[in-house]
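**Student:** Sharing a sequence plus its predicted fold:
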Amino acid sequence: MTTPTSDASPASAEPAAYLDMPPERRAAAKAQAAVLAKTADRIARELPFSADVDDFRRVLVEEAGS
Amino acid sequence: MTDLATLSACALAKAIRDKQLSSVEATKAAIERLQACHELTNCLIALEADEALSAAKAADAAIANARATGPLAGVPLAHKDMFDRKGKIASWGAKIRPDKPAVADATAIARFKAAGALQIAALHLAEFAYGPTGHNYVLGHARNPWDPTRMTGGSSAGTAAAVAYGAIPVGLGSDTGGSLRLPAACCGVTSIKPTWGRISRAGAMPLAPALDTVGVIARHVEDLALTLGVLAGPDPRDPAASSVPVPNYVARLSDPIAGVRLGVDAALIAEAHPQVQRMVGEVSAILIKLGLRRATCRFTDWQTLDHLVQLVQLPDASAAHSVFLRTRPTDYGPQVRARAEVGHFISAVDHLTALRARGLILKRTLAETFKDVDVAILPILADPLPTIAELDVGGGPQVQAAMGRVVKYTRPINYLGLPTLTLPIPRSGGLPNGVQLIGKPYAEALLLAIAQAYQREVPPEIARPLRM
């Protein structure tokens, strides 16, 4: 069995620990990301499994002149 | 001779072509106006007077020998300083810049050159084009030519200020969350943010490539039409550049607009300041008088669109700045630094969900919001034109909310990729503002035809400080 490496330290468990940010700005960024994550989760539940990032460009062209 | 400041690029090009005016005369006059405009607005990053005059002399010689055939031959222009130009280093409005000169022109710059236009200056922008107000903590803030205590809007601040002042007739900008519409509205001029992919992004500084849209700011709608025709079209250097055929936008300016259905989302407009609501009503009334038919539309769940665009934009921008944020964080202004950090906290899964959903949500918007309308009208700014001091929030705790309020009506449209055109309000002696007309994909010709008719009722103006 392998033992956890230093990557499991509390510091690196913090998202974007590599950025030099004061605690209040870090907290604000986390809060904003959490709000957006809720929307992403709701939208993900509506998406067909086959949804693809290229759908957007395809729809733009299909709808040209509509 | 007519005051050159008031001429459109189309009229200037004709005067130069007909030899009523030389390119050198037009360029000298534009340089003087840009210098005066800069004193008032901080619009310049680099004035390239000697190069411009040499190019103007060459243009005059080519015209004299009937060798210059481009529609903008000899016309002096200036652009937002975020486009590659061979042999030069763009400032990006920032302390962090490309480490070597560009090896080729950006496609938009190359197409303007091929049309005969000259570039006489590089213009102010928000740091990394990442700011909707014209504040720039590295270069100094841009100031509005109507009232230098007020913001120009951003990020294409210098282009809008110079166009409004009459220093240049038209110039390039870009729009990732409102950067063509906000400065055009704040400075009382017009702009077109075309359908995403209509103009190549090759050689333009990326902010959030999935949203970045190159476009133009002008006083005259005919200049939007002419320059969009020059710039649009496929480009092997940008795989997202669309191959949908480019119409003759100038010829289409006189398309009939009677009966075009103007969609009004009363509930969404009601979220703006009462003065802004009145402005939208005033512009709508003019459009109805011109023959458009008022219809009701509803952008379902605007807040979801606003969240989705952030889920795309924030990680896109953070990825572009990932290395510099770690290695040179103190070289960023406080606002861009604070905004560019946030994307690091958004998961790749959430980012991809927003990208995967984009086609479905665009299709749904067209089927529902645009079911019974041809174009929709919305505010650009939610509030009357703010002062620079009011929005001088740096990177403080209010930054996300304050910037979110500024882009409330613009940013969600970038998620949909739809074309929008800025109509300046009738000022009646007061401060400028503007509203946006939003079209279906590739409906730029219709937007331009409506705007051309509107401009006969609300003619372009030259901005000078108001006595309030």
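**Tutor:** Looks like it came in fine.

**Student:** hey, let's count contacts and neighbours off CA atoms from now on
**Tutor:** Will do.

**Student:** Spit out the contact partners of the residue nearest to residue B:102 when sequence neighbours are not counted.
**Tutor:** Nearest residue to residue B:102, sequence neighbours excluded (CA to CA, 6 or more residues apart in numbering or on different chains): residue B:86, at 4.8 Å. Residue B:86 makes contacts with B:101, B:102, B:103, B:104, B:105, as judged by CA atoms under 8 Å, 6 or more residues apart in numbering or on different chains.

**Student:** quick one: contacts for the closest residue to chain B within chain A?
**Tutor:** Residue nearest to chain B within chain A: residue A:56 (3.7 Å; CA to the nearest CA). Residue A:56 sits next to B:356, B:358, B:359, B:360, B:362 when contact means CA under 8 Å, 6+ apart.

**Student:** Out of the residues you listed, which are close to chain A?
**Tutor:** B:356, B:358, B:359, B:360, B:362 (CA under 8 Å from any CA of the partner chain).

**Student:** Kindly confirm whether my reading is correct that the first one touches residue A:51.
**Tutor:** Yes: with contact defined as CA atoms under 8 Å, residue B:356 and residue A:51 form a contacting pair (5.5 Å).

**Student:** low pLDDT regions in chain B?
**Tutor:** B:1, B:468 (pLDDT under 70).

**Student:** any idea which element residue B:359 lies in?
**Tutor:** For residue B:359, the enclosing helix or strand under DSSP states H and E is helix B:348-368.

**Student:** got the CA positions of that helix in PDB?
**Tutor:** Extracted in PDB, the C-alpha atoms of helix B:348-368 (Å, rounded to 0.1, in the frame of the first residue of the first chain):
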ATOM      1  CA  ALA B 348     -13.200  22.000 -15.100                       C
ATOM      2  CA  VAL B 349     -16.400  20.000 -15.000                       C
ATOM      3  CA  ASP B 350     -18.500  23.200 -14.300                       C
ATOM      4  CA  HIS B 351     -16.600  25.000 -17.100                       C
ATOM      5  CA  LEU B 352     -17.200  22.300 -19.600                       C
ATOM      6  CA  THR B 353     -20.900  22.000 -18.500                       C
ATOM      7  CA  ALA B 354     -21.400  25.600 -19.500                       C
ATOM      8  CA  LEU B 355     -19.600  25.100 -22.800                       C
ATOM      9  CA  ARG B 356     -21.600  21.900 -23.500                       C
ATOM     10  CA  ALA B 357     -24.900  23.600 -22.700                       C
ATOM     11  CA  ARG B 358     -24.200  26.600 -25.000                       C
ATOM     12  CA  GLY B 359     -25.700  25.100 -28.200                       C
ATOM     13  CA  LEU B 360     -28.800  23.900 -26.400                       C
ATOM     14  CA  ILE B 361     -29.400  27.200 -24.600                       C
ATOM     15  CA  LEU B 362     -28.800  29.200 -27.800                       C
ATOM     16  CA  LYS B 363     -31.300  27.000 -29.700                       C
ATOM     17  CA  ARG B 364     -33.800  27.400 -26.800                       C
ATOM     18  CA  THR B 365     -33.400  31.200 -26.700                       C
ATOM     19  CA  LEU B 366     -34.000  31.400 -30.400                       C
ATOM     20  CA  ALA B 367     -37.100  29.200 -30.200                       C
ATOM     21  CA  GLU B 368     -38.600  31.000 -27.200                       C
END
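
**Student:** burial of the nearest residue to residue B:68 once chain neighbours are set aside, as a residue count?
**Tutor:** Leaving aside its sequence neighbours, residue B:68 sits nearest to residue B:62 (CA to CA, 6+ apart; 5.2 Å). Using other CA atoms under 10 Å in any protein chain shown, residue B:62 has 15 other residues around it.

**Student:** possible to save the contacts of residue A:56 as a markdown table with distance to residue B:242 and neighbour count?
**Tutor:** Shown next, in a markdown table, are these (distance: CA to CA, whole Å; neighbours: other CA atoms under 10 Å in any protein chain shown):
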| residue | distance to residue B:242 | neighbour count |
| --- | --- | --- |
| B:356 | 20 | 23 |
| B:358 | 17 | 27 |
| B:359 | 16 | 23 |
| B:360 | 19 | 19 |
| B:362 | 17 | 23 |
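
**Student:** Confirm residue B:244 sits in a strand?
**Tutor:** No: counting by DSSP: H, G, I helix; E, B strand; the rest coil, residue B:244 falls outside a strand, being coil.

**Student:** Do I have it right that it meets residue B:233?
**Tutor:** Yes: with contact defined as CA under 8 Å, residue B:244 reaches residue B:233; the gap is 7.5 Å.

**Student:** Leaving out the residues flanking it, which one is nearest to residue 28?
**Tutor:** You didn't pick a chain, so chain A it is. In space, residue A:28 is closest to residue B:397, 7.7 Å off (CA to CA, 6+ apart).

**Student:** I was after chain B.
**Tutor:** Nearest to residue B:28 is residue B:53, by CA to CA, 6+ apart, at 7.3 Å.
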